[in-house]
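Colleague: let's see this in three dimensions:
(one chain, ligands or ions: 2)
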Amino acid sequence: TQSTRPQRLLAAVHKKATRGNPRSVVKAIDEFCNQNEWAMNVGNEKGSEILDSVVSETNPGCVLELGTYCGYSTVRIASLLPPHAQLITLEFNPDNAAVARQVIAWAGVAEKVRLVEGESGEWIPKMKEQFGVKTFDLVFLDHWKNRYLLDTKLMEECGLLKKGSVLLADNVVCPGAPDYLEYIRNSPQYKSQFFKSHLEYTKAEDGLEKSVFLG
Ligand SMILES: O=C(NCCCCCn1ccnc1)c1cc(-c2ccc(F)cc2)cc(O)c1O
Ligand SMILES: [Mg+2]
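Modeller: Ligands and ions are numbered 1, 2, ... in the order given. Reported below is the predicted structural model:
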């Protein structure tokens, strides 16, 4: 039977990356996507210039990632977390989640990561009771682009954001999240900043929006 792209990406990680070395896992995935097959990981340009620097400057104790896919950004974030910090990552697609679990394990960051399979609309309201979350210091939005706004409002309603919480949204140009941008840039409850970049592994325009919740 035919393998899937995530399965071929995982095979490249097993072949090229050193077990327990998160940087080598990130490098192996970027090489696979540059040389073999495009895949929708945040990628090295947006990853190193924007995601890594926002994670490092936020120094978060509790992170939520919406959209795990193959675990590329999960590994990037987890490798930058302080000791005892926790990253909860939500993936809707069980096949992708299965690949992500193995990528995360190979990178050696599994003890910092809680991968939850299911819908953000269902799981966000359960974060406090199920995982003992108080509030998130950082949220990386990288799932269905038409759910960014819905889930941001849901996180507000569930009291999961506190003064200073950072939202970082991928793909606000390509594929785009126009309703999210309209809301977050005009809301008095957020201070937003756009970081221009390029769509992973391409020359197409893209960028991330960083928004700080003002409480
Ligand atoms: O759709 C994307 N991500 C969500 C995938 C499904 C999430 C499922 N899920 C997880 C949790 N809750 C729901 C995405 C797409 C592209 C892209 C860009 C150009 C193009 F021509 C084709 C595709 C680039 C990205 O960087 C992306 O992130
Ligand atoms: Mg993305």
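
Colleague: so how far is A105 from the residue in the chain that ligand 2 sits nearest to?
Modeller: Closest residue of the chain to ligand 2, Cβ to the ion: D170 (3.7 Å). No exception for glycine: its C-beta is placed from N, CA and C like everyone else's. Computed as Cβ to Cβ, to the nearest Å, the D170 to A105 distance reads 24 Å.

Colleague: between the two, which is the more surrounded one?
Modeller: Taking other Cβ atoms under 10 Å, D170 and A105 do not tie; D170 has more neighbours (32 against 14).

Colleague: quick one, helices of the chain?
Modeller: With DSSP state H as the criterion, the chain has helices at 5-16, 22-35, 43-46, 52-58, 72-78, 94-107, 120-123, 127-131, 148-157, 178-186.

Colleague: pick the most deeply packed of those.
Modeller: The highest mean neighbour count among these, using mean count of other Cβ atoms under 10 Å, belongs to helix 72-78: a mean of 28.

Colleague: that older thread, tell me the pLDDT of the residue of the chain closest to ligand 2.
Modeller: Note on D170: pLDDT of 99.

Colleague: how about the nearest residue to I88 once chain neighbours are set aside, what does it touch?
Modeller: Spatial nearest neighbour of I88, chain neighbours left out: R114 (4.7 Å); criterion: Cβ to Cβ, 6 or more residues apart in numbering. Applying Cβ atoms under 8 Å, 6 or more residues apart in numbering, we find R114 in contact with Q86, L87, I88, T89, F131.

Colleague: and which of those residues is nearest ligand 1?
Modeller: T89 (8.9 Å; Cβ to the nearest ligand atom).

Colleague: bridged to the closest one, which residues?
Modeller: Beta-bridge pairing of T89 under DSSP bridges involves E65, L115.

Colleague: does stretch 136-147 reach ligand 2?
Modeller: Yes - looking at stretch 136-147 against ligand 2 by Cβ under 5 Å from the ion, the contacts come from D142.

Colleague: just the CA coordinates of that stretch, formatted as CSV?
Modeller: Output in CSV follows, covering the C-alpha atoms of stretch 136-147 (Å, rounded to 0.1, in the frame of the first residue of the first chain):
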residue,chain,number,x,y,z
PHE,A,136,-1.4,29.9,28.5
ASP,A,137,1.7,32.1,28.2
LEU,A,138,2.0,31.4,24.5
VAL,A,139,-0.4,30.1,21.9
PHE,A,140,0.9,29.1,18.4
LEU,A,141,-2.1,29.0,16.0
ASP,A,142,-1.3,26.8,13.0
HIS,A,143,-4.5,24.8,12.4
TRP,A,144,-7.5,25.5,10.2
LYS,A,145,-7.2,29.1,9.2
ASN,A,146,-11.0,29.6,9.5
ARG,A,147,-10.8,28.5,13.2
